[in-house]
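**Q** no sequence on this one, just coordinates:
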């Protein structure tokens with residue numbers, strides 16, 4: 001796969017970068033992969049590559065670019081500390097705007113006429129949920145989105161099908177928080193197109209750093225969800 005860096009125009013006219021993974025056999029659709037608090041790391045690029053292998057044009061925008069372009073942090077003690085520092089300084093509204101610019105960029109690509117998915121992990125999971133309530137996307141997937149419970153007023157505004165995945169041992173999204181999210185989704189009419197899956201033995205980050213059984217189950221569910229919701233390219 002050809003995997004260059006794709007420049008994206010921000011709303012203020014500046015530019016930021018996205019990792020792009022191009023499928024060998026396109027299915028006509030695109031997946032925008034939204035980063036964890038560690039930046040667009042090898043882990044995030046691997047997620048993009050995985051979906052490109054399944055036929056999706058995949059882009060992973062650098063959402064921390066206003067703080068420092070190209071942030072890539074390790075999952076060690078020092079990396080976690082720095083990641084939380086970036087998170088505290090992160091302008092979430094600007095990040096969602098950048099996701100919107102990435103969506104628009106994909107839709108404007110020559111020959112592209114398919115559907116666009118946002119798929120996020122951790123911080124990116126919350127942003128995928130919020131994008132589903134505010135942007136022109138066709139489906140959204142959130143893996144262990146942290147902080148969604150702070151935006152449950154947006155459930156009624158969901159514009160597209162949404163799938164969420166949570167681990168039962170996730171200290172950043174404990175069971176009582178996931179219960180609140182699920183109750184809000186179930187109580188809202190427009191959110192009837194949302195589904196939440198739990199993995200009792202899984203911890204935070206299980207999709208890329210957990211037991212293969214849970215990661216594979218979540219990926220299989222996501223594949224079926226996207227195939228059902230996206231259908232053939234327009």
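**A** Arrived safely, thanks for sending. Computed from a prediction, not measured in an experiment: that's the story for all the values here.
**Q** all helices of the chain, in order?
**A** 42-53, 77-89, 92-107, 123-132, 175-187, 206-209, 212-230 (DSSP state H).
**Q** point out the most buried one among those helices.
**A** Comparing those by mean neighbour count (mean count of other CB atoms under 10 Å), helix 123-132 ranks first with a mean of 27. Heads up, the C-betas are built off the backbone N, CA and C, glycines and all.
**Q** how distant is that helix from the center of its chain?
**A** Distance, stretch centre to chain centre, for helix 123-132: 6 Å (CA atoms, centre = their mean, to the nearest Å).
**Q** try stretch 157-173
**A** Relative to the chain's own centre, stretch 157-173 is displaced by 11 Å; criterion: CA atoms, centre = their mean.
**Q** so how far is residue 145 from residue 128?
**A** 7 Å (CB to CB, to the nearest Å).
**Q** give me the common contacts of these two.
**A** residue 120 (CB atoms under 8 Å, 6 or more residues apart in numbering).
**Q** in a markdown table, list the helices of the chain along with distance to residue 155 and mean pLDDT.
**A** What follows is those, written out as a markdown table (distance: least, CB to CB, whole Å; pLDDT from 0 to 100):
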| stretch | distance to residue 155 | mean pLDDT |
| --- | --- | --- |
| helix 42-53 | 26 | 97 |
| helix 77-89 | 23 | 97 |
| helix 92-107 | 16 | 98 |
| helix 123-132 | 9 | 98 |
| helix 175-187 | 5 | 95 |
| helix 206-209 | 23 | 96 |
| helix 212-230 | 18 | 97 |
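**Q** any idea which of the ones you listed gets closest to residue 198?
**A** With CB to CB as the criterion, residue 198 lies closest to helix 175-187 of the helices of the chain, at 6.8 Å.
**Q** now the angle from that closest one to helix 123-132?
**A** 20 degrees (axes from the mean of the first three to the mean of the last three CA atoms, to 10 degrees).
**Q** against which helices or strands is helix 175-187 packed?
**A** Here helix 175-187 touches strand 162-167, strand 194-199, going by 3 or more CB pairs under 8 Å, 6 or more residues apart in numbering; DSSP states H and E.
**Q** minimum distance to residue 136: which of those strands has it?
**A** strand 162-167 (14.7 Å).
**Q** and the closest one, what's buried?
**A** 162, 163, 164, 165, 166, 167 (16 or more other CB atoms under 10 Å).
**Q** surely the last one meets residue 210?
**A** Yes: using CB atoms under 8 Å, residue 167 makes contact with residue 210 at a distance of 7.2 Å.
**Q** shared neighbours of those two, which are they?
**A** 202, 203.
**Q** okay, now residue 195: neighbour count?
**A** 15 (other CB atoms under 10 Å).
**Q** contacting residues for it?
**A** 162, 163, 164, 225.
**Q** what's across from the second one in the sheet?
**A** When bridges are assigned using DSSP bridges, the partners listed for residue 163 are residue 141, residue 195.
**Q** and it, how far is that from residue 34?
**A** Distance, residue 163 to residue 34, by CB to CB: 14 Å.
**Q** mind checking pLDDT for the residue positioned nearest the centre of the chain?
**A** For the chain, the residue nearest the mean C-alpha position is residue 120 (1.6 Å; CA atoms, centre = their mean). Per-residue pLDDT puts residue 120 at 99.
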